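In: Could you work out the structure for the sequence below:
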Amino acid sequence: MASAHDRAVLQAIFNPTSPFGDITGSNQEDELTDDDSEFDPELIKQVKDLELQGVLAAESGDLHTALQHFNQAISVLPQRASAYNNRAQTKRLQGDIKGAVDDLEHAISLSRGAGRSACQALVQRGLLLRLAGRDEEAQVDFQRAAGLGSEFARQQAILLNPYAALCNRMLSEVINKLRNPEMQ
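Out: All right, here's what the predicted structure looks like:
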């Protein structure tokens, strides 16, 4: 049985772009939930059903219907962040980047920067910021989402950090030299 240190060393060898010490498969984002205890359980059930219908409509390419479902979910429980995340994705797919960012910012605010909805909204906003060439702002969002447990956000934050990228590249070169000493 390998120790945590052994697993971290192996992780650095087999995945040199990850920060030293990270272990693949330990994505805490999967374990995140939103605290819905402040809402009526019947309303939560109704809203989750509307969101599911919206997601299914979006996956089938019917963005107009998806948007209608997300709008209904928001009208039922406007204080819940999840539907704003989903609506943001739909708006993004429709090309409404400003509307998507507005919804993501609203989701982050409603969630108070905690839980699954905050994590997803931060990652989505980070990606939109990165696409807009606003890498420093994107890195802040990715770092916040990584702090909530998103492995994807952690990887994006590393890619945007020139010092971490340099350290990872140097570590990769050292490991390659150790693997192939005759190629020096």
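In: residues touching the most centrally placed residue in the chain, list them.
Out: The chain has residue 123 as the residue nearest its centroid, 3.5 Å off, counting by Cα atoms, centre = their mean. By Cβ atoms under 8 Å, 6 or more residues apart in numbering, the contact list for residue 123 reads 141-142, 145, 150, 152-153, 156. (Glycine included, C-beta is placed from N, CA and C.)
In: now do 10 Å
Out: 29, 85, 104, 138, 141-142, 144-146, 148, 150, 152-153, 156 (Cβ atoms under 10 Å, 6 or more residues apart in numbering).
In: Then residue 81?
Out: By Cβ under 10 Å, 6+ apart, the neighbours of residue 81 are 34, 103-104, 106-112, 114-118, 120-121.
In: Let's see that with 6 Å instead.
Out: 107, 110-111, 117 (Cβ atoms under 6 Å, 6 or more residues apart in numbering).
In: With residue 152 instead?
Out: Residue 152 touches nothing, counting by Cβ under 6 Å, 6+ apart.
In: Which element, helix or strand, includes it?
Out: Applying DSSP states H and E as the criterion places residue 152 in helix 151-160.
In: Now do the helices in this structure.
Out: For the chain, the helices defined by DSSP state H cover 4-14, 41-59, 63-76, 82-93, 97-111, 115-131, 135-147, 151-160, 162-179.
In: relative to helix 82-93, how tilted is the second one?
Out: What it means is helix 41-59. 10 degrees (axes from the mean of the first three to the mean of the last three Cα atoms, to 10 degrees).
In: Show me the shaky parts of the chain.
Out: Across the chain, the ranges flagged by pLDDT under 70 are 1-32, 162-169, 183-184.
In: Near residue 125, how many other residues are there?
Out: 26 (other Cβ atoms under 10 Å).
In: show me the contacts for it.
Out: Per Cβ under 6 Å, 6+ apart, neighbours of residue 125: 104, 141.
In: From residue 45, how far out is it?
Out: Residue 125 is 28 Å from residue 45, where distance means Cβ to Cβ, to the nearest Å.
In: and if you look at residue 114?
Out: Taking Cβ to Cβ, one finds residue 114 at 23 Å from residue 45.
In: of these two, who's got more company?
Out: When residue 114 and residue 45 are compared for neighbours, residue 114 comes out ahead with 14 against 10, by other Cβ under 10 Å.
In: How about the more buried one: what's its closest non-neighbour residue?
Out: residue 148 (7.3 Å; Cβ to Cβ, 6 or more residues apart in numbering).
In: For burial, what's the neighbour tally of the nearest residue to residue 108 once chain neighbours are set aside?
Out: In space, residue 108 comes closest to residue 121 once its chain neighbours are excluded; the distance is 4.8 Å by Cβ to Cβ, 6+ apart. Taking other Cβ under 10 Å as the criterion, the count of residues near residue 121 is 29.
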